[in-house]
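**Q** what shape does this take:
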Amino acid sequence: MTQPRVWAQVGRGVSDRLAAAPILHRAFDGTLLRWGDCDTPGPPPYVPQGAPASVMVAVSPVRPGHAVTIQYRVDRGVVREVAATPDLRIQETGARLFRAVLPGQSSGLVEFLPVLRFAGQAISSHLGASTENGRYQVGQPAAAVRAVEPSDDPHAGMACWDWSSKFLGALTATVRKEVVGDTPDGLRIDWHVQEGAFVGPGFDCVVLPGATDWMRVRKDGIGIVDVQACFETRTGARIYGSYGGIFDLGRDGFSRALRDEFNPLPPVVVTPTYATADKRLEWLNRVQCLGVGRVDMIALRVEFDVYVVQVGGRKDAG
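**A** Model prediction:
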């Protein structure tokens, strides 16, 4: 049985130590190896060039014939091994301590793993097969960037940029539901557009056949929108539309969708982008839009308004 371990992040000083939660590793004979806590310290996150690194391991219970080695490698290179020597102390838990010193390195990321041996044979995972390796970097870290305290900047946490939106058009469509089923990555439902229109100021399109939302409903009831559609204007221009976003079916939406039950008017929020070859509409190729609306699940009718998002200048910090 093993427990995960959190390691210090790059950017902390060499004086920092590994987190207090130990790594626990069970050998094939049931013996427990523990390292990386206050009683069994390992190397700091950064070790100076050429400096050796000490590793302490607790083994419980110790049986005759048990020995400990430390496997290590630099930058995922050749695996080497050093023997650990038993400490005379025995912890209150009955664990025996072993200590090894890894040789100094000139540079690189060093990974290491204690290995329990019985009569010379390894009876716990080796370095290449374990995901719970210790590690440290040889050399000094990059200078840490001091976190900005809230008191340092009176405007911290405030919006920095002005923005506005311009109504582009309203999209309405009736859809046909096609249930794929409960797949490993969620409930798949394809919503095929039967007919639809996208109309706004100076903007009048119909939805061409083939438009579909290839939706995936997560376990938390959120439908992940994935619409691919093509529109045609009254003048014959073609516009390709891609819509990502979320369709909130409620906290119990996944289980209800499996039973073909839905809230009558769930909300939908999408982020459309468009592409066209028509010179008169080429400005559409450069905009990011936001669509908000609801879906009538009884009539299977989608209705949402689309806005062009426009970014302004920096807000006045005064």
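**Q** quick one, helices of the stretch 151-300 of the chain?
**A** Assigned helices in the stretch 151-300 of the chain, in chain order: 253-258 (criterion: DSSP state H, counting those that start in this stretch).
**Q** so where's it uncertain?
**A** Counting by pLDDT under 70, the ranges of the stretch 151-300 of the chain that qualify are 151-157.
**Q** all strands for it, in order.
**A** Along the stretch 151-300 of the chain, the stretches classed as strands by DSSP state E, counting those that start in this stretch are 161-183, 186-200, 203-207, 212-217, 222-233, 238-248, 267-276, 289-296.
**Q** would you reformat the ones you listed as JSON lines and include distance to Leu97 and mean neighbour count?
**A** All C-beta spots, glycine's among them, are computed from the backbone N, C-alpha and C. As requested, these are exported to JSON lines (distance: least, C-beta to C-beta, whole Å; neighbours: other C-beta atoms under 10 Å):
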{"stretch": "strand 161-183", "distance to Leu97": "50", "mean neighbour count": "14"}
{"stretch": "strand 186-200", "distance to Leu97": "49", "mean neighbour count": "17"}
{"stretch": "strand 203-207", "distance to Leu97": "72", "mean neighbour count": "18"}
{"stretch": "strand 212-217", "distance to Leu97": "52", "mean neighbour count": "19"}
{"stretch": "strand 222-233", "distance to Leu97": "50", "mean neighbour count": "18"}
{"stretch": "strand 238-248", "distance to Leu97": "53", "mean neighbour count": "18"}
{"stretch": "strand 267-276", "distance to Leu97": "57", "mean neighbour count": "18"}
{"stretch": "strand 289-296", "distance to Leu97": "61", "mean neighbour count": "18"}
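**Q** what's the closest of the ones you listed to Arg96?
**A** Between Arg96 and the strands of the stretch 151-300 of the chain, the tightest spacing by C-beta to C-beta is seen for strand 186-200, at 49.6 Å.
**Q** now that closest one - C-alpha only, PDB.
**A** Listed next in PDB are the C-alpha coordinates belonging to strand 186-200 (Å, rounded to 0.1, in the frame of the first residue of the first chain):
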ATOM      1  CA  GLY A 186     -19.500  10.500 -20.500                       C
ATOM      2  CA  LEU A 187     -23.000  10.200 -22.000                       C
ATOM      3  CA  ARG A 188     -22.800  11.000 -25.700                       C
ATOM      4  CA  ILE A 189     -25.900  12.700 -27.300                       C
ATOM      5  CA  ASP A 190     -25.800  14.000 -30.800                       C
ATOM      6  CA  TRP A 191     -28.200  16.900 -31.500                       C
ATOM      7  CA  HIS A 192     -28.800  17.200 -35.300                       C
ATOM      8  CA  VAL A 193     -30.200  20.500 -36.500                       C
ATOM      9  CA  GLN A 194     -33.400  20.000 -38.500                       C
ATOM     10  CA  GLU A 195     -33.800  23.600 -39.400                       C
ATOM     11  CA  GLY A 196     -32.600  26.900 -38.100                       C
ATOM     12  CA  ALA A 197     -31.900  30.600 -38.700                       C
ATOM     13  CA  PHE A 198     -29.300  33.100 -37.500                       C
ATOM     14  CA  VAL A 199     -30.600  36.700 -37.800                       C
ATOM     15  CA  GLY A 200     -29.300  40.000 -36.700                       C
END
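**Q** chain center to that strand: distance?
**A** Between the mean C-alpha location of strand 186-200 and the chain-wide mean there is a distance of 29 Å, by C-alpha atoms, centre = their mean, to the nearest Å.
**Q** I'd like to know which elements that strand is packed against.
**A** Applying 3 or more C-beta pairs under 8 Å, 6 or more residues apart in numbering; DSSP states H and E, we find strand 186-200 packed against strand 161-183, strand 203-207, strand 212-217, strand 222-233, helix 253-258, strand 301-314.
**Q** just the pLDDT for the closest residue to Pro86 other than its chain neighbours.
**A** Counting by C-beta to C-beta, 6 or more residues apart in numbering, Phe98 is the residue found nearest to Pro86 once chain neighbours are left out, at 5.5 Å. Note for Phe98: predicted pLDDT of 90.
**Q** Phe98 bridge partners, please.
**A** Val57, Pro86 (DSSP bridges).
**Q** neighbours around it, how many?
**A** 26 (other C-beta atoms under 10 Å).
**Q** likewise Thr85?
**A** Thr85 sits with 12 neighbouring residues when counted by other C-beta under 10 Å.
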